[in-house]
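Asks: Prediction below, plus the sequence it came from.
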Amino acid sequence: MTPPLIAPSILAADFANLQRDIELINRSEADWIHVDVMDGVFVPNISFGIPVCEAVNKHALKPLDVHLMIVQPERYIDAFARAGAAHPDRPGTILVHYEACTHLHRTLTQIRETGCRTGVALNPHTPVELLADSLDEIDQVLLMSVNPGFGGQSFIPHTLQKIRKLRHLLASAGKTALIEIDGGVGTENIAELVEAGADVLVAGSSVFRASDPTEAIHTLKFFNQT
Ligand code: DX5
Ligand code: ZN
């Protein structure tokens, strides 16, 4: 079985040592760097914005997976693309929330025009079927497995059913969009997530709160070989 892609979330990194933590991800077996942008309106928390994304990009050697938990994301897509998501040597993904987009088709077209991969994130209560008429425009679907806004929350078990439904929806339509899971991911649930059909796992606390984050990334990626 192909190992899943691992995207450590820098929301759980030490912001006073961000360069150190980015370099740790660079040297590890992680695939992407997950960048959680929160505006205090779409979610009840504020994380960081464009200047911090630029700082991450300055040291990153892996694609940025930029998760916009903000209202009216179309206003900032070009800025986050320039801040590193559209890096020519390691193009990344810009993810917008379904619940924040009035004109999803237009917004996804805008992301594609920057050279980034397109992603749509769904809150825990949002049915995967709502994406049925957008699959041509989507490279990646992020299923929130906690309510967005904070790291360190408990995984919502219903997510497993959503992964299976989404896997079925994609297969029936002949589409290859990646399925990404975000929130409460760790060694205790990674096997069932991958078995249900997850391709990409975001991990914040389970990486950066571990005594050895590099080893934690290895254990997540090769969970079935230990
Ligand atoms: C939550 C963020 C997540 C968060 C995950 O709103 O989207 O990416 O960093 O953190 P953990 O892995 O600690 O649940
Ligand atoms: Zn996220």
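Replies: Alright, I've got the coordinates. Ligands and ions are numbered 1, 2, ... in the order given.
Asks: beta partners for the one residue in the chain that gets nearest to ligand 2?
Replies: Nearest to ligand 2, among the residues of the chain, is residue 67, at 3.8 Å (C-beta to the ion). C-beta coordinates here come from the backbone N, C-alpha and C atoms, glycine included. With DSSP bridges as the criterion, residue 67 is bridged to residue 36, residue 95.
Asks: Close to ligand 2: what parts of the protein are there?
Replies: When proximity is defined as C-beta under 5 Å from the ion, the chain approaches ligand 2 at 36, 67, 182.
Asks: Identify the residues contacting the second one.
Replies: With contact taken as C-beta atoms under 8 Å, 6 or more residues apart in numbering, residue 67 is in contact with 34, 35, 36, 37, 95, 119, 121, 142, 182, 202.
Asks: didn't residue 156 look like it was pressed against residue 146?
Replies: Yes - counting by C-beta atoms under 8 Å, residue 156 touches residue 146, with 6.3 Å between them.
Asks: so what sits against both of these two?
Replies: In contact with both residue 156 and residue 146: 124, 183, 184, using C-beta under 8 Å, 6+ apart.
Asks: and the last one, how many residues sit next to it?
Replies: Taking other C-beta atoms under 10 Å as the neighbour definition, residue 184 ends up with a count of 23.
Asks: And for residue 188?
Replies: Number of residues near residue 188 (other C-beta under 10 Å) recorded here: 10.
Asks: Also residue 110?
Replies: By other C-beta under 10 Å, neighbour count at residue 110 equals 19.
Asks: Can you list phi and psi of it for me?
Replies: phi -60, psi -40 (degrees, to the nearest 10).
Asks: Show the pLDDT at the residue nearest to it when sequence neighbours are not counted.
Replies: Spatial nearest neighbour of residue 110, chain neighbours left out: residue 77 (5.3 Å); criterion: C-beta to C-beta, 6 or more residues apart in numbering. pLDDT for residue 77: 98.
Asks: which ones are touching residue 77?
Replies: 68, 94, 96, 107, 110, 111, 114.
Asks: and the residue of the chain at minimum distance from ligand 1, what is it in contact with?
Replies: Nearest to ligand 1, among the residues of the chain, is residue 204, at 2.9 Å (C-beta to the nearest ligand atom). Residue 204 is in contact with 8, 9, 11, 12, 34, 36, 151, 152, counting by C-beta under 8 Å, 6+ apart.
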